[in-house]
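[1] Show me the folded form of this:
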Amino acid sequence: MTVQDIRAFNRFYTNVIGALDYSRQLYAPYTLTESRVLYELAHSTRTDAADLRTELSLDAGYLSRILNKFEQDGLIERTPSARDPRRRRVTLTPRGRETAALLAERADESVGALLATVPSADRPRLTEAMRTVRTLLSEGSPPRREDVLLREPGPGDLGWIVARNAALYAAEYGFDADYEALVARIVADFAQDHDPQLERVWIAELDGRPVGCVMCVRDEAPATARLRLLLVEPEARGLGIGDRLVSAVVDFARGAGYRDLVLWTNDVLAAARRLYQRHGFVLAAEKPHRSFGRDLNGQDWRLELTGTGE
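    Numbering: from 1, shown residues only. Presented below is the predicted three-dimensional model:
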């Protein structure tokens, strides 16, 4: 392979996906770079301007001009970071989230139309080829925290949540099929009826495949949200994915106006309990029970959201 081979492939691929064809209205009225910044703001919990600059390898002045444009258009708000006053925290406004969702919908439709031209039998080959390109050009380096994206679920992701919860909890804790049935009911209830302003699912994606998930749903108690089905695949642990998923739920619940965030777990999930404690959750109650084919000690944890935000 030569340099010209790679350049020819780059020209072919950018033409196929329409990256240079703004007449297709994929990004209008924003450029491809501006749309990518909006995507990161909508899906990443690291929203300091400095983090955005590092993750996207953007010139500081260029990023500043993009953020100024977004602020003028009412898409973002910038405030001092509570962790470091020298940094600026960037968050999307409701209008910003609507704009990011519209651009994502256009991109999904465009890629869906492209994928429709590929016979079903050839799609696994295409997936493997794309994974091979990423692996070879990353020189076999281990995954980095910034390689993980948090996104909304796509087709098949909710089924993946059920399947992976059932398989992992059976392998790691000996849970039986009753747990899979519980997860299936939780996911089905969300899929059938949820308010996107008050309830949400996040998928953690690495190298084009899901490696983690979490849900935020309304609880029966007034003004209370519930964190459910936190999961990180074993091979993706150590990248801070659990922290990012819990942070995403906490920030979303606080922004949606909930007063409290609660969750139920079992004390055998030691790593998860330490994670919840780091985020300020407090053990509220615990009770022994027999579930999922095991004798367990169930625990209720609570985080007060009012007065704890940035």
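[2] quick one: low-confidence ranges for the stretch 101-250 of the chain?
    For the stretch 101-250 of the chain, the stretches with pLDDT under 70 are 139-142.
[3] All the helices of it, in order from the start?
    Using DSSP state H, counting those that start in this stretch, the helices of the stretch 101-250 of the chain run over 123-137, 157-173, 177-192, 241-255.
[4] of all those, which lies closest to Asp51?
    Among the helices of the stretch 101-250 of the chain, the nearest to Asp51 by Cβ to Cβ is helix 241-255 (12.0 Å). The C-beta positions use only the backbone N, C-alpha and C, and glycine is treated the same way.
[5] Show me what secondary structure element comes after the closest one.
    Remark: after helix 241-255, the chain's next helix or strand is strand 260-266, criterion DSSP states H and E.
[6] thinking again about what came up before, tell me which of the helices of the stretch 101-250 of the chain sits most buried.
    helix 241-255 (a mean of 21; mean count of other Cβ atoms under 10 Å).
[7] so where does Ala42 fall, helix or strand?
    helix 32-43.
[8] what residues are up against the residue nearest the centre of the chain?
    Centroid check for the chain by Cα atoms, centre = their mean gives Leu150 as the closest residue, at 1.9 Å. For Leu150, the contacting residues are 43-45, 202-205, 244-245, 248, by Cβ atoms under 8 Å, 6 or more residues apart in numbering.
[9] then stretch 125-138 to CSV, C-alphas only?
    Output of stretch 125-138 as CSV, limited to C-alpha atoms (Å, rounded to 0.1, in the frame of the first residue of the first chain):
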residue,chain,number,x,y,z
ARG,A,125,-17.7,-8.2,6.1
LEU,A,126,-18.1,-4.4,6.0
THR,A,127,-18.3,-4.2,9.8
GLU,A,128,-15.1,-6.3,10.2
ALA,A,129,-13.3,-4.4,7.5
MET,A,130,-14.0,-1.1,9.2
ARG,A,131,-12.9,-2.5,12.6
THR,A,132,-9.7,-3.7,10.9
VAL,A,133,-8.9,-0.3,9.5
ARG,A,134,-9.4,1.3,12.9
THR,A,135,-7.3,-1.3,14.7
LEU,A,136,-4.4,-1.2,12.2
LEU,A,137,-4.2,2.6,12.0
SER,A,138,-4.3,2.9,15.8
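[10] Straight-line length of stretch 269-288, end to end?
    Chord length of stretch 269-288, first to last residue, is 14 Å (Cα to Cα, to the nearest Å).
[11] Buried by neighbour count: which residues of it qualify?
    269, 272-273, 275-276, 279, 281 (16 or more other Cβ atoms under 10 Å).
[12] So which of the residues you listed sit within helices?
    Residues of these located in helices (DSSP state H): 272-273, 275-276.
[13] Arg106: which of the helices of the stretch 101-250 of the chain is closest?
    It's helix 157-173; of the helices of the stretch 101-250 of the chain, that one is closest to Arg106 (Cβ to Cβ) at 19.8 Å.
[14] quick one: the closest one to helix 177-192, angle?
    160 degrees (axes from the mean of the first three to the mean of the last three Cα atoms, to 10 degrees).
[15] what comes into contact with helix 157-173?
    By Cβ under 8 Å, 6+ apart, helix 157-173 touches 153, 175-177, 179-180, 183-184, 187, 190-191, 201, 203, 210, 213, 229, 231, 233-234, 268-269, 292, 294.
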